[in-house]
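> just the structure for this:
(2 chains)
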Protein chains: 2
Amino acid sequence: MRMALARIGVSAMKEAAKGEGAVMTHMDFETLVTLLARIFRSNGVSGVAADILARNCAGAERDGAMSHGLFRMAGYVSTLRSGWVDGRAAPVVEDVGASFLRVDAANGFAQPALAAATPLALEKARATGACVVAIRRSHHFAALWPDVEAFAQAGLVAIAMVDSMAVVVPPGAHRPVYGTNPLAFAAPRENGRVIVFDQAVSVMAHGDVQIAAREGHDLPPGTGVDAMGQPTTDPRAILDGGALLPFGGHKGAAIAMMIEIMAAALTGGLYSHEVDWSAHPGAQTPCTGECLILIDPARGGSAAAFVARVEQLIAALHDAGQSRMPGDRRFATRQKAEQDGIPVSADMRERLEALMGPE
Amino acid sequence: MRMALARIGVSAMKEAAKGEGAVMTHMDFETLVTLLARIFRSNGVSGVAADILARNCAGAERDGAMSHGLFRMAGYVSTLRSGWVDGRAAPVVEDVGASFLRVDAANGFAQPALAAATPLALEKARATGACVVAIRRSHHFAALWPDVEAFAQAGLVAIAMVDSMAVVVPPGAHRPVYGTNPLAFAAPRENGRVIVFDQAVSVMAHGDVQIAAREGHDLPPGTGVDAMGQPTTDPRAILDGGALLPFGGHKGAAIAMMIEIMAAALTGGLYSHEVDWSAHPGAQTPCTGECLILIDPARGGSAAAFVARVEQLIAALHDAGQSRMPGDRRFATRQKAEQDGIPVSADMRERLEALMGPE
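All right, here's what the predicted structure looks like:
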């Protein structure tokens, strides 16, 4: 931490004009993490959890995933102030099998709960070939790919599923039951790289609908329905009593159902449609569950053979004309941010400062 | 087996008129299995494998999944006669971890390989909480749901993935790389029931395109492209140098990619685009790989709590207006077939008899 602070001390923070007159500050990653961690701590989050959440949120912004970056901070703070989530929760890791960990997030955020389970989960996956991590009573308000990317960097294949809050209509239903229920997958590549995707089962991520509503953009047809169940392209109509549609019709809906079962029934967490924060005005983070499946590809042959085969698939996709792999844009944005810093507008900077709490 | 044959002896085979003048025989399940097993054996399949494949194929027909039922028999026989698949292959099960089994299907069918691994896979999943079954050098020409349904009936949650042959175009690509790559999921419900789905990553299953081509039906827009990469509704144009599109655009394509990695890179099997049967005219079964993930839901709490929670999700879906769960139609058709027998047309019966081989 001392070293990190020293690095902040010498970091260059460049002022640059970007877009039409928007004044952008370029912050380095650790500076942004420090700022966000202060916001979390000042709103009742423990030091450990604050650092984990700050790295996650700053990482999303750095990678260009704006809907899960700084834009989310107001929602985090609003939820913390509502008393809905416990920022000081102490997750409990239960070792219930050679290849199965249960984690009670204790009404805290999912990321500290996963972090608490990670060392043992890695050990189990490597010792047996696989490990399930079943997290319950957890608030997941972030992108899901960081949860799997770290395991792929450690040489494992990882699948993660989270249920959220009922905003997606099942086929033939007249009201939402499923959450946007993201599915994330990551696998190691050669030279320490990874291939990773993270996608909501809704046609569009809820965060992107929120951004469209804020910015006044229309959405493509087929994204969702209004409160009357009629198709709409207005993001506010979707957010205001309407609902999102699953991607790919009944096939996306089947995946949404699988994720409810894996992330809630299997973990002991709540289903998306059971989340009820009505007693906590301002709450925005669903308290549900998360399921991770970790697999050691070395057991399928050798770790080296696996990553070589992944490269061969990627080469075949490039040869066939697919120029970009899932995750590529994020990694390119990350690389640029590591050189130039993370662009943060003066307006966002002000809004972040305004989120400082009393503690 | 003696008992089964005795049951065949007393089974009623009703002749009934169905449709416009088509003469339907109603066969009971075991009679149909016996007929199909004879066809397999007479075409060079070992007794054990013939019984497994016959039960699988008769089960699909019984459940109303015609594209994977009797319609497939001609393809099985054509492939066997081409020398592409080894009907007498002896699968090798390798115990490589407390929660990981590798299986070499030895260029045989996937179902006998899975059957060989099943007792140990069940034992491992129950002992540790999870088990990965990684099958390579396997021909999968059947529906995938039977592979997972049996595990759910045994109380486990099961996910299965199979890559197949390159018929699906990735986003931005100009030729197919992915297979129809089915994903199947099953979980136990109360009273021995299960919830199960099985879906191709293509907008439509390849078998359904083949049926549409045979019957001269057009397909819905968005199903596929012709050999020039242009959208088409003609099933023959898709089969003749064209390709299928993934469901849900880039999200379905990401799932197709995950399945290639899980079913091929992880298992040591071939990718869909690597399958080359050009030296075996008549071959129709892709020789790739299959990955199963088995999870014991009892580790997440208790088996009873899990199935009760699954029922609660299904009740919520019904309440919201979704009348049918994945698998419901198949189970209803199965129940009817168990009472009335499986309808088989005289024409199909003749075509099946014509498939008897010299052995």
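> stretch A:84-92 close to chain B?
No - judged by CB under 8 Å from any CB of the partner chain, stretch A:84-92 and chain B are separated, with a smallest distance of 14.1 Å. (Each C-beta comes from the backbone N, C-alpha and C, glycine too.)
> could you do stretch A:188-203 as well?
Yes - using CB under 8 Å from any CB, we find that stretch A:188-203 touches chain B at A:Ile195, A:Phe197, A:Gln199.
> mind listing what the second one touches?
If a contact means CB atoms under 8 Å, 6 or more residues apart in numbering or on different chains, then A:Phe197 has A:Trp145, A:Ala184, A:Phe185, A:Ala186, A:Pro326, A:Gly327, B:Ala254, B:Met257, B:Met258 as its contacts.
> and the longest helix seen in chain A, what does it pack against?
Criterion DSSP state H: the longest helix present in chain A is helix A:110-128. Here helix A:110-128 touches helix A:47-62, strand A:92-97, strand A:100-109, strand A:130-139, helix A:145-153, strand A:287-295, going by 3 or more CB pairs under 8 Å, 6 or more residues apart in numbering or on different chains; DSSP states H and E.
> any idea of the angle the fifth one forms with helix A:110-128?
For helix A:145-153 against helix A:110-128, the angle between stretch directions is 20 degrees (axes from the mean of the first three to the mean of the last three CA atoms, to 10 degrees).
> how about the CA coordinates for helix A:145-153, as CSV?
This file holds the C-alpha atoms of helix A:145-153, laid out as CSV (Å, rounded to 0.1, in the frame of the first residue of the first chain):
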residue,chain,number,x,y,z
TRP,A,145,-15.8,-10.9,-16.1
PRO,A,146,-13.3,-9.8,-13.4
ASP,A,147,-14.6,-12.8,-11.4
VAL,A,148,-13.5,-15.3,-14.1
GLU,A,149,-10.6,-13.4,-15.6
ALA,A,150,-8.5,-13.8,-12.5
PHE,A,151,-9.0,-17.6,-12.5
ALA,A,152,-8.0,-17.9,-16.2
GLN,A,153,-4.9,-15.8,-15.4
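> give the rounded mean pLDDT of that helix.
Helix A:145-153 carries an average pLDDT of 97.
> residues contacting the closest residue to A:Ala90 other than its chain neighbours?
Spatial nearest neighbour of A:Ala90, chain neighbours left out: A:Ala106 (6.1 Å); criterion: CB to CB, 6 or more residues apart in numbering or on different chains. With contacts defined as CB under 8 Å, 6+ apart, A:Ala106 is in contact with A:Asp86, A:Ala89, A:Ala90, A:Pro91, A:Val92, A:Ala113, A:Arg137.
> who wins for neighbours among those residues?
A:Ala113 (29 neighbours; other CB atoms under 10 Å in any protein chain shown).
> any idea how far it is from chain B?
15 Å (CB to the nearest CB, to the nearest Å).
> which ones are touching the closest residue to A:Ala200 other than its chain neighbours?
In this structure, A:Ala200 finds its nearest non-sequential neighbour in A:Thr180, 4.1 Å apart by CB to CB, 6+ apart. For A:Thr180, the contact set (CB under 8 Å, 6+ apart) comprises A:Ser164, A:Val167, A:Val168, A:Ala200, A:Val201, A:Ser202, A:Ala205, A:His206, A:Leu244.
> show me those that map onto strands.
Counted as lying in strands by DSSP state E, out of these, are A:Leu244.
> need the contacts of A:Thr180 in a markdown table (columns: neighbour count).
Formatted as a markdown table, the contacts of A:Thr180 follow (neighbours: other CB atoms under 10 Å in any protein chain shown):
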| residue | neighbour count |
| --- | --- |
| A:Ser164 | 26 |
| A:Val167 | 24 |
| A:Val168 | 28 |
| A:Ala200 | 26 |
| A:Val201 | 31 |
| A:Ser202 | 30 |
| A:Ala205 | 19 |
| A:His206 | 21 |
| A:Leu244 | 26 |
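> which one of the contacts of A:Thr180 sits closest to A:Ser272?
A:Ser164 (5.5 Å; CB to CB).
> contacts only, for that closest one.
A:His140, A:Gly179, A:Thr180, A:Asn181, A:Pro182, A:His206, A:Ser272, A:Val275, A:Pro286, A:Thr288 are the contacts of A:Ser164 under CB under 8 Å, 6+ apart.
> just to revisit the earlier point, and the pLDDT at the residue nearest to A:Ala90?
The model's pLDDT for A:Ala106 equals 98.
> can you classify the spatially most central residue of chain A by secondary structure?
In chain A, the centroid-proximal residue (CA atoms, centre = their mean) is A:Ala143; its distance is 1.4 Å. The assignment at A:Ala143 comes out as coil when based on DSSP: H, G, I helix; E, B strand; the rest coil.
> give me the spatial nearest neighbour of A:Asp147, chain neighbours excluded.
Using CB to CB, 6+ apart, the closest residue to A:Asp147 is A:Ala160 (4.8 Å).
> make that A:Gly172, sorry
Nearest to A:Gly172 is B:Gln322, by CB to CB, 6+ apart, at 4.9 Å.
> what does A:Leu36 give?
A:Ala54 (3.7 Å).
> now the two most distant members of the contacts of A:Ala106.
For the contacts of A:Ala106, the farthest-apart pair by CB to CB is A:Asp86 and A:Val92; their separation is 12.8 Å.
> great, nothing more from me.
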